[in-house]
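In: With the sequence up front, the predicted model follows.
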Amino acid sequence: MTQARNVLGGELEVCCTSPMTGYYRDGKCSTGAGDVGSHIVCAQVTEEFLAFTKSRGNDLSTAVPAFDFPGLKPGDRWCLCASRWKEALDAGVAPPVVLSATHALAVEYVSLDELKQHALDLA
């Protein structure tokens with residue numbers, strides 16, 4: 001099995017382990033056949049983004065103990081659905097991203113240039 005790649009062409013790095021993120025809850029924005037939401041953009045969530053996604057029916061700030069989900073707070077990193085990140089971009093509230101931890105397939109939803117404009121890990 002080949003290693004997942006990030007949008008920069010390197011090996012996909014860990015997005016976050018506290019809280020544990022990723023479709024597979026392994027800390028990485030890996031994806032597979034069951035990941036219909038494409039949770040592949042490693043983002044550092046902001047207050048504005050959390051309010052935006054809640055308004056769209058996906059409350060990421062409220063804990064759901066049954067799913068061992070602590071709820072996110074501004075500054076947490078999380079593997080977001082690529083389409084939700086693009087929707088937030090279009091609404092002017094896209095959170096910053098970690099390119100080295102964002103899956104290469106994200107460019108099927110949003111351009112690399114748009115991701116780079118919101119990158120935390122570019123010098």
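Out: Structure received.
In: count of residues packed around residue 19?
Out: Residues lying near residue 19 (other C-beta atoms under 10 Å) number 17. C-betas here are computed from N, CA, C, even on glycine.
In: which ones are touching it?
Out: Applying C-beta atoms under 8 Å, 6 or more residues apart in numbering to residue 19 gives the contacts 69, 70, 72, 76, 78.
In: And residue 70, how far from residue 93?
Out: Between residue 70 and residue 93 the computed distance is 22 Å (C-beta to C-beta, to the nearest Å).
In: Likewise for residue 114?
Out: 14 Å.
In: what does residue 37 give?
Out: Distance from residue 37 to residue 93, by C-beta to C-beta: 19 Å.
In: before we move on, what about residue 99?
Out: In terms of C-beta to C-beta, residue 99 sits 19 Å off from residue 93.
In: neighbour-wise, which of these two wins?
Out: residue 99 (21 against 16).
In: was I right about the more buried one contacting residue 8?
Out: Yes - if you go by C-beta atoms under 8 Å, residue 99 and residue 8 touch, sitting 5.4 Å apart.
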